[in-house]
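Colleague: Compute the structure for the input listed below.
(one chain, ligands or ions: 1)
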Amino acid sequence: MPTIFILNGPNLNLLGVREPATYGYDTLADVEQRCLARAAALDLTIDFRQTNHEGQLVDWIHEAREAADGIILNAGALTHTSVAILDALNAADLPVIEVHLSNIFRRESFRHVSYVSLAARGVICGLGPQGYELALEALASVIEAEPGEAAR
Ligand code: DQA
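Modeller: Numbers count the residues shown, from 1 in each chain. The predicted structure is shown next:
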């Protein structure tokens, strides 16, 4: 079964208690459960992780290069600042779906810029945890349409 790395960046460990008006009441563990259920239905294996550290995300993206068939990435605030993550994604050369729980375009202007987007096949934002499930569906389609991606 194709493997998808679902990587979450800074502060997403506080999901459910952090700014619930913006991010909702679901915890990251709730999001992981939804992803596990959706992945099972799509015949995908997922590896769901969170870190508050930029270098850890870079290392995981390098790991995905060898071990995964696609990446779903919510890089949190690093989305708007990290050239290192962009470079790692370009090096990984895998299909990437960028996810944000909130609609970053309805928020402060500094959130309208995304380095991750430069390496992403698609972007889903503003749909809360459902965005992760939609990202899994998108990657399932990409991998089916482009089997070369999964063979890597
Ligand atoms: C976020 C949006 C980012 O701007 C913010 O820094 C986050 C979460 C989201 O999921 O909506 O930490 O990536």
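
Colleague: a helix runs through Ala88, doesn't it?
Modeller: Yes: assessed with DSSP: H, G, I helix; E, B strand; the rest coil, Ala88 lies in a helix.

Colleague: ok, how many other residues are close to the closest residue to it other than its chain neighbours?
Modeller: Closest residue to Ala88 apart from its sequence neighbours, by CB to CB, 6 or more residues apart in numbering: Ile61 at 4.0 Å. Backbone N, C-alpha and C define where each C-beta goes, glycine included. Look at Ile61: counted by other CB atoms under 10 Å, it has 27 neighbours.

Colleague: can I assume Ile61 is in contact with Leu86?
Modeller: No: contact criterion CB atoms under 8 Å: Ile61 and Leu86 do not qualify, at 10.0 Å.

Colleague: in the helix ranked longest in the chain, what counts as buried?
Modeller: If you go by DSSP state H, the chain has its longest helix at helix 130-145. Buried residues in helix 130-145, counted by 16 or more other CB atoms under 10 Å: Gly131, Tyr132, Glu133, Leu134, Ala135, Leu136, Ala138, Leu139, Ala140, Val142, Ile143.

Colleague: Stretch 84-102 too?
Modeller: For stretch 84-102, the buried set under the neighbour-count rule, 16+ other CB under 10 Å, comprises 85-86, 88-89, 92, 94-102.

Colleague: Which ones among the residues you listed also lie next to the ligand?
Modeller: For the ligand, the contacts drawn from the buried residues of stretch 84-102 by CB under 6 Å from any ligand atom are His100, Leu101, Ser102.

Colleague: out of those, which are inside strands?
Modeller: Mapping these onto strands (DSSP state E) picks out His100.

Colleague: Let me have the ones next to the ligand among the buried residues of stretch 84-102 in JSON lines, extended by pLDDT.
Modeller: Shown next, in JSON lines, are those (pLDDT from 0 to 100):
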{"residue": "His100", "pLDDT": "98"}
{"residue": "Leu101", "pLDDT": "98"}
{"residue": "Ser102", "pLDDT": "97"}
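
Colleague: Verify the stated contact: Gln50 with Asn13.
Modeller: Yes: counting by CB under 8 Å, Gln50 does reach Asn13; the two are 5.3 Å apart.
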